[in-house]
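Visitor: For reference, the sequence and a predicted model appear below.
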Amino acid sequence: MIPPLSARVGHDAAVRRLKGLSEQLATVQEQISTGKKLQKPGDDAIAFARIATLRRADEGAEVQRKAMDAAAARLSASEVALSGIADLAARAKELALAGRNGALNASDRKVLALEVRELLAAARGLAETRGADGEALFAGVGVAPNYADGAEGLAVWAGLGLTPEVATVGRRIAAGITGPEAFGVTEPLPPVDPLAPPPDPEVPPPPRQRNFFDSLAHLADSLEEPRPLFFDAAMDEAIAAIDDHVGGLAGAQALIGARAARLEAETDRLDRSQLEMKSSLSKLEDTDMTEAIARLDRLSVVLEAAQASFARVSRLSLWDDIR
């Protein structure tokens, strides 16, 4: 016997309802197990597109964060090295002033010169400091060594270009300082004029601008100068040069500190931006466990009731058939 049309329609509607409830229950169970509210673009196309955009932005921010962390590490290492060199410069100034004292004899000044040369060796060592990734801190975009010995026995900067920069929003921050910026530059000797008269051997040579390392070498040589006139001129020049370098190193430290502060501010800004992006992502794609569990319980109860009702209406109960 074929059931009436109304019965078939009611039966089909009940089956569709059961199927829909089962699918909803399965969806909620998957959301709870994966922790994600959206499983495919069809769940919510607009939200899914927004999630993709936020993820790309977050990945870009993470790349920028790594670059900023590397720049911060380079600035920190540069600051430590400069601090050590500044201490050496302060000690060199003390030795220069002590050596200028007329009460010292040649042997005393020779002892001071030996210590100055030790300071020079220590300063050259600190100037070759490398960062955490092995990069030469004071070589700009060049590679180690930062300084090499020139033809005159002078310390010549062997770096290249400017300090690497890290890009932030609307600005670029230098991730360090170059050797010439921190330690100065030795000016080359003027070319020899073949028509000019030879220099007077009894007159001290004119002052010359030197980088910090060459100034230390000049100070050591000046302390061992036996000729009184040349000694006085050389020591006055050496003391003035060392004093200038003490100020220059303090300025370099201040510059490094300012760049580190700017980078720290940009890092804080990036932290806040990433936090907002992650919060937005969480709202769009993460499952609200409290709500999902409550919905799961509600759907389970509704599905059980619907199944029981369907069984009674369709007389699917074996007990009912026997009765």
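Guide: Happy to help now that I have it. All values reported here derive from a predicted model rather than from experimental measurement.
Visitor: count of neighbours near residue 147?
Guide: 23 (other CB atoms under 10 Å). From N, CA and C alone the C-beta is placed, and that goes for glycine too.
Visitor: ok, which stretches of this structure are strands?
Guide: 147-149, 155-157, 165-168, 171-174 (DSSP state E).
Visitor: pretty sure residue 132 contacts residue 76?
Guide: No: counting by CB atoms under 8 Å, residue 132 stays clear of residue 76, with 9.0 Å between them.
Visitor: Between those two, which is the more surrounded one?
Guide: Taking other CB under 10 Å, residue 132 and residue 76 do not tie; residue 76 has more neighbours (15 against 11).
Visitor: Quick check: which ranges of the stretch 151-300 of the chain have low pLDDT?
Guide: Within the stretch 151-300 of the chain, the segments meeting pLDDT under 70 span 286-289, 291-292, 295-297, 299-300.
Visitor: Would you point to the one among the strands of the chain that's packed deepest?
Guide: Burial of those is given as mean neighbour count (mean count of other CB atoms under 10 Å); strand 155-157 ranks first at a mean of 22.
Visitor: Contacts for it next, please.
Guide: Residues outside strand 155-157 that contact it (CB atoms under 8 Å, 6 or more residues apart in numbering) are 124, 146-150, 178-180, 185-186, 211, 213-214, 217.
Visitor: any idea which of the residues you listed is closest to residue 69?
Guide: Comparing the contacts of strand 155-157 against residue 69 with CB to CB places residue 178 closest, at 21.6 Å.
Visitor: Distance of residue 64 relative to residue 120?
Guide: To residue 120, residue 64 is 40 Å away according to CB to CB, to the nearest Å.
Visitor: ditto for residue 272
Guide: Residue 272 is 47 Å from residue 120, by CB to CB.
Visitor: thinking again about what came up before, possible to save the strands of the chain as CSV with distance to residue 232?
Guide: Output for those, formatted as CSV (distance: least, CB to CB, whole Å):
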stretch, distance to residue 232
strand 147-149, 29
strand 155-157, 26
strand 165-168, 46
strand 171-174, 41
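Visitor: To residue 70, which of those lies closest?
Guide: strand 165-168 (7.7 Å).
Visitor: what about the residue lying closest to residue 216 once chain neighbours are set aside, how many residues close to it?
Guide: Leaving out its chain neighbours, the residue that sits closest to residue 216 by CB to CB, 6 or more residues apart in numbering is residue 120, at 4.1 Å. Residues within reach of residue 120, counting by other CB under 10 Å, total 21.
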